[in-house]
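Asker: okay, predicted coordinates and the sequence, questions at the end:
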Amino acid sequence: MEERKPKLSIRNLQKQFGDNTILRGVDIDVYSQEVIVIIGPSGSGKSTLLRCINGLESINGGEVYIDDCKIEYTPSALQQVRQRIGMVFQSYNLFPHLTVIENLLLAPMKVQKRAKSEVLPQARELLEQVGLLDKADSYPAQLSGGQQQRVAIARSLVMNPEVLLFDEVTSALDPERVRDVLDVMKDLASRGTTMLIVTHEMGFGRDVGDRIIFMDQGVIVEQGPPEVVFGNPQEERTRQFLRNAM
């Protein structure tokens with residue numbers, strides 16, 4: 001039987017800001033269609049890990065591979081990296097002067113040089129998928145925070161990324177809006193989207209994650225299936241965190 005190869009491999013990833021070490025040699029393999037949920041206290045390195053994978057932060061050591069090919073984080077290669085590895089942030093980063101549909105069309109047409117006739121049907125289909133097709137001609141300021149975040153997710157998907165990174169995408173939302181965004185992410189998981197999700201929503205992580213990673217002080221303390229990490233954690237530090245977080 002042929003060995004299953006990871007879609008994304010992170011090897012001995014290290015990151016410092018001055019004298020402050022944020023990541024202390026992180027190793028993760030992410031398989032195609034796998035949903036990995038990363039939890040941990042503030043300052044544990046979760047968001048920095050995602051930003052390093054996507055090339056938004058430089059790395060001080062280690063390597064990242066996609067399909068066995070080492071990612072070179074050079075200025076000329078970064079655009080290609082970000083087409084293959086999409087990212088959705090806490091802040092929606094939509095262009096305020098463009099309508100929702102124009103926000104979705106911009107990068108595929110400008111960066112990927114795709115024809116509008118090809119991108120527009122996909123963009124409309126994705127807006128329907130996130131429940132916002134009726135807002136296609138609205139401007140971001142006319143939308144709620146939750147709606148803007150769902151547009152941001154659709155905007156990442158229209159680039160056809162192979163892996164999607166989510167960095168605390170519900171943390172800035174009103175509690176009533178969180179559920180709509182989490183429902184979209186659950187739908188993506190059910191469709192086989194490969195995802196790394198940093199979240200403080202423990203119930204969501206338990207429901208959607210194939211694997212849970214608990215980080216603290218720049219290292220992976222524990223990882224495993226949700227029923228093990230949440231139901232029977234092996235490390236005292238994990239148990240301590242979950243007692244406060246659940």
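Answerer: Thanks, I have it.
Asker: excluding its backbone neighbours, what's nearest residue 156?
Answerer: Closest residue to residue 156 apart from its sequence neighbours, by CB to CB, 6 or more residues apart in numbering: residue 86 at 3.9 Å. (C-beta placed from N, C-alpha, C; glycine too.)
Asker: low-confidence ranges in the chain?
Answerer: Scanning the chain for pLDDT under 70 picks out 1-3.
Asker: quick one: buried residues of the lengthiest helix in the chain?
Answerer: Longest helix in the chain by number of residues (criterion: DSSP state H): helix 175-190. By neighbour count with 16 or more other CB atoms under 10 Å, helix 175-190 contains the buried residues 177-178, 180-182, 184-185, 188-189.
Asker: now stretch 70-89
Answerer: 71, 73, 81-89.
Asker: quick one: residues in contact with that stretch.
Answerer: 8, 50, 53-56, 58-59, 63-66, 111-112, 149, 152-153, 156-157, 159-167, 169 (CB atoms under 8 Å, 6 or more residues apart in numbering).
Asker: related to what we said a few turns ago, tell me which of the buried residues of stretch 70-89 fall in helices.
Answerer: 81-84.
Asker: for residue 122, state which of those residues is nearest.
Answerer: residue 83 (14.7 Å; CB to CB).
Asker: now residue 121: which helix or strand?
Answerer: helix 116-129 (DSSP states H and E).
Asker: and the residue nearest the centre of this protein?
Answerer: residue 165 (1.6 Å; CA atoms, centre = their mean).
Asker: helix or strand for it, which one?
Answerer: Going by DSSP H and E, residue 165 is part of strand 163-167.
Asker: from the contacts of stretch 70-89, which would you call buried?
Answerer: 8, 50, 53-56, 59, 64-66, 149, 152-153, 156-157, 159, 161, 163-167, 169.
Asker: let's have the buried residues of stretch 70-89 in JSON lines, adding distance to residue 119.
Answerer: Listed next are these as JSON lines, based on distance: CB to CB, whole Å:
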{"residue": "71", "distance to residue 119": "26"}
{"residue": "73", "distance to residue 119": "27"}
{"residue": "81", "distance to residue 119": "21"}
{"residue": "82", "distance to residue 119": "17"}
{"residue": "83", "distance to residue 119": "14"}
{"residue": "84", "distance to residue 119": "18"}
{"residue": "85", "distance to residue 119": "20"}
{"residue": "86", "distance to residue 119": "15"}
{"residue": "87", "distance to residue 119": "20"}
{"residue": "88", "distance to residue 119": "19"}
{"residue": "89", "distance to residue 119": "22"}
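Asker: re the thing from before, hmm, the residue nearest to the centre of the chain is touching residue 53, no?
Answerer: Yes - with contacts counted by CB atoms under 8 Å, residue 165 reaches residue 53, the gap being 6.4 Å.
Asker: take the buried ones among the contacts of stretch 70-89 and keep only those in helices.
Answerer: Counting by DSSP H, the buried ones among the contacts of stretch 70-89 contribute 50, 53, 149, 152-153, 156-157 to helices.
Asker: and those residues as JSON lines, adding distance to residue 135?
Answerer: Compiled in JSON lines, those are given as follows (distance: CB to CB, whole Å):
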{"residue": "50", "distance to residue 135": "27"}
{"residue": "53", "distance to residue 135": "30"}
{"residue": "149", "distance to residue 135": "13"}
{"residue": "152", "distance to residue 135": "13"}
{"residue": "153", "distance to residue 135": "13"}
{"residue": "156", "distance to residue 135": "17"}
{"residue": "157", "distance to residue 135": "16"}
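Asker: wait, which of those is closest to residue 202?
Answerer: The closest of those to residue 202 turns out to be residue 50 (CB to CB; 18.5 Å).
Asker: quickly list what the closest residue to that closest one other than its chain neighbours is bridged to.
Answerer: Of all residues not flanking residue 50 in the chain, residue 165 sits nearest, at 4.6 Å (CB to CB, 6+ apart). Bridge pairing for residue 165 (DSSP bridges) gives the partners residue 87, residue 196.
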